[in-house]
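Trainee: whatever this is, show me its structure:
(one chain, ligands or ions: 1)
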Amino acid sequence: MAMDSCKILGYHIPKETQVLVNVWAIGRDPKTWENLSKFRPERFLELNTMDYKGHHFEFIPFGSGRRMCLAVPLASRLLSMALGSLLHCFDWSLANGVKPEDWI
Ligand code: HEM
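Mentor: Numbers count the residues shown, from 1 in each chain. Model (predicted):
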C-alpha cells in the first residue's frame, strides 16, 4: 500500500494504491538470468553473492522488507528435509512420453 503519492519508473502512484510486485517476472528477467527457463539449480552456487533473504531484489521468493516471510529460517531448513525425504522414499520418473525438455 502506497503510504504517499509517488512516481515509480515514470508512473504516478496515488496515495493508498495497492501495488503488487510481479515476483514471477522478476525471477525470469533476462537482464539478470541466463538461460532463464532452464532448470539449472547450480546457477545459485555460481551466483554466490545473491541470496534469497530479501537483500537482492532480483530473487525474492520470500518477499522483502518488513512484511517478508517470517519463516525464512524455518522454511529454508524444512525445504531441504522435505525434498530429501521425497527423493529418498519414492522412485521418480516422468510420465509416459514426457521428456525433460517438455517442461522448459
Ligand atoms: C518455501 C516456503 C515459503 C515461501 C516461499 C514463503 C514465501 C512467503 C512470501 C512471498 C510472503 C509474502 C511476503 C511479502 O508480502 O512481501 C510470505 C509471508 C509470510 N509467511 Fe511465508 N513462505 C514460506 C513458508 C512459510 C512457513 C513454513 C511459514 C510459517 C510456519 C510462513 C509464514 C509466513 C507469514 C506469517 C507471512 C506473513 C508475514 C507478514 O505479513 O508480516 N511462511 N511468505
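Trainee: backbone phi and psi for the nearest residue to Met68 once chain neighbours are set aside, please?
Mentor: Spatial nearest neighbour of Met68, chain neighbours left out: Gly54 (4.8 Å); criterion: C-beta to C-beta, 6 or more residues apart in numbering. Glycine gets a C-beta too; all of them are placed from N, C-alpha and C. Main-chain torsions, Gly54, degrees, to the nearest 10: phi 90, psi 10.
Trainee: I'd say Gly54 and Gly63 touch.
Mentor: Yes - using C-beta atoms under 8 Å, Gly54 is in contact with Gly63, at 6.5 Å.
Trainee: how far away is Met50 from the ligand?
Mentor: 16 Å (C-beta to the nearest ligand atom, to the nearest Å).
Trainee: and for the closest residue to that residue other than its chain neighbours, the neighbour number?
Mentor: Closest residue in space to Met50, ignoring its immediate chain neighbours: His56 at 4.7 Å, by C-beta to C-beta, 6+ apart. When neighbours are defined as other C-beta atoms under 10 Å, His56 has 14 of them.
Trainee: swap in Gly27?
Mentor: Other residues close to Gly27 by other C-beta under 10 Å number 14.
Trainee: cool, Val72 as well?
Mentor: Neighbour tally, Val72, other C-beta under 10 Å: 15.
Trainee: just use 52 as the starting number from now, easier for me
Mentor: Renumbered: residue one is now 52, and that last one reads Val123.
Trainee: ok, now which ones touch it?
Mentor: 103-105, 113 (C-beta atoms under 8 Å, 6 or more residues apart in numbering).
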